[in-house]
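Engineer: Let's see this in three dimensions:
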Amino acid sequence: MSEDKHNLFGGTPYQPQGEIYFNDGREIELLDFMYAHPHLKDMRGNPQKVLDAIDEYGKTRKYLMNIGEYKSKTIVDLIKEEKPHTIVELGGYVGYSAIAFGAALRNIGGKHYYSLEMNPEFAAVISMLVDLAGLSDVVKVEVGPSSDSLKRLHEEGTLNHIDLLFLDHYKPAYTPDLKICEELGLVSEGSIYAADNVIKPGNPLYLQYVRSTVQEKKKSFGQIDSTAPRGNPNLIYDSQLIEGWEPSGVPDAIEITRCIGIQA
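Structural biologist: Here you go, the predicted model:
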């Protein structure tokens, strides 16, 4: 990465500091920053201005592990192109993606954005910033482990199909959570998955799964631990790596996977 590119990210304050770069109080500090912001009035009901202020905090105060403005454009463009009705994100953190993608979803006439977040404190931050952005009519925050929330929403009849699944939570949970969606029939032909951080820090098991053929998945299907989600190996996937950058300026990528059919 060039020096000019590095400078675009605001220098040192926008880099992770030491080994701890989340859940150390910075998420609540973000709320204090937002609601004490001199342009708070302009933020109300304006998703882009809320995103700009979150970026400002990350650049000038403390790093935030959001998808960031560069990679989020990839998903926003995908939403504009595919026009999904229902989006589910696994891992909401402080709501950056929920605001960016929820606004894009509303703009194309979509109806439901479910943000599944395990940490109750983070979920509260998401809810407050989504409300500030004026997106509470579209974005709903669900608190609890993603696997439990997916099953509960399906059992309640709240969630019957996912048009776009955004994975940005605990990396080892990407594949089992996708398999849960497959087993429940929440994803099918036409569904699209966007998985963040497949380069930094990386997720080789997930990439192997979504890039496997039906034959390859069937071969390993019987070897899966009976207590783990087994998925539906008959779903045919077409997967593509889209390069981008972390908010810190570190190269990363999003894996865009399309379910293009079902093999009998």
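
Engineer: Low-confidence ranges, the stretch 101-250 of the chain, go.
Structural biologist: Within the stretch 101-250 of the chain, no range satisfies pLDDT under 70.

Engineer: Helices along that one, start to end?
Structural biologist: For the stretch 101-250 of the chain, applying DSSP state H, counting those that start in this stretch gives helices covering 120-132, 146-156, 174-184, 204-210, 214-221.

Engineer: Point out the most buried one among these.
Structural biologist: Of those, the one with the most neighbours on average (mean count of other C-beta atoms under 10 Å) is helix 174-184, at a mean of 22. Quick note: C-beta positions are derived from backbone N, CA and C, even for glycine.

Engineer: first vs last residue of stretch 35-51, how far apart are they?
Structural biologist: Counting by C-alpha to C-alpha, to the nearest Å, you get 13 Å between the two ends of stretch 35-51.

Engineer: got the buried residues for it?
Structural biologist: For stretch 35-51, a neighbour-count test (16 or more other C-beta atoms under 10 Å) marks 37, 43, 46-47, 49-51 as buried.

Engineer: and those as JSON lines, adding pLDDT?
Structural biologist: Below are the buried residues of stretch 35-51 laid out as JSON lines (pLDDT from 0 to 100):
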{"residue": "37", "pLDDT": "98"}
{"residue": "43", "pLDDT": "98"}
{"residue": "46", "pLDDT": "98"}
{"residue": "47", "pLDDT": "98"}
{"residue": "49", "pLDDT": "98"}
{"residue": "50", "pLDDT": "98"}
{"residue": "51", "pLDDT": "98"}
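
Engineer: now the nearest residue to residue 206 once chain neighbours are set aside: how far from residue 191?
Structural biologist: Spatial nearest neighbour of residue 206, chain neighbours left out: residue 174 (4.2 Å); criterion: C-beta to C-beta, 6 or more residues apart in numbering. Look at residue 174 and residue 191: by C-beta to C-beta, to the nearest Å, they are 15 Å apart.

Engineer: just residue 52 next, same as before
Structural biologist: In terms of C-beta to C-beta, residue 52 sits 31 Å off from residue 191.

Engineer: So which of the two has more stuff around it?
Structural biologist: Neighbour comparison, residue 52 and residue 191: the larger count goes to residue 191, with 22 against 14 (by other C-beta atoms under 10 Å).

Engineer: wouldn't the more buried one be in contact with residue 162 here?
Structural biologist: Yes. With contacts counted by C-beta atoms under 8 Å, residue 191 reaches residue 162, the gap being 5.9 Å.

Engineer: Quick check: neighbours shared by the two?
Structural biologist: Residues touching both residue 191 and residue 162 by C-beta atoms under 8 Å, 6 or more residues apart in numbering: none at all.

Engineer: Dump stretch 80-95 to PDB, keeping only the CA atoms.
Structural biologist: Once non-C-alpha atoms are left out, stretch 80-95 reads as follows in PDB (Å, rounded to 0.1, in the frame of the first residue of the first chain):
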ATOM      1  CA  LYS A  80     -28.500  -1.700  -5.600                       C
ATOM      2  CA  GLU A  81     -28.000  -4.300  -8.200                       C
ATOM      3  CA  GLU A  82     -29.800  -7.300  -6.700                       C
ATOM      4  CA  LYS A  83     -32.600  -5.400  -4.800                       C
ATOM      5  CA  PRO A  84     -33.000  -7.900  -1.900                       C
ATOM      6  CA  HIS A  85     -36.100  -7.800   0.200                       C
ATOM      7  CA  THR A  86     -34.600  -9.300   3.400                       C
ATOM      8  CA  ILE A  87     -31.000  -8.900   4.600                       C
ATOM      9  CA  VAL A  88     -29.500 -10.600   7.700                       C
ATOM     10  CA  GLU A  89     -26.200  -9.700   9.100                       C
ATOM     11  CA  LEU A  90     -24.300 -11.900  11.600                       C
ATOM     12  CA  GLY A  91     -22.300  -9.600  13.800                       C
ATOM     13  CA  GLY A  92     -23.400  -5.900  14.100                       C
ATOM     14  CA  TYR A  93     -20.800  -4.400  16.400                       C
ATOM     15  CA  VAL A  94     -21.700  -0.700  16.600                       C
ATOM     16  CA  GLY A  95     -24.100  -0.600  13.700                       C
END
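
Engineer: Having no further points to raise, I will conclude here.
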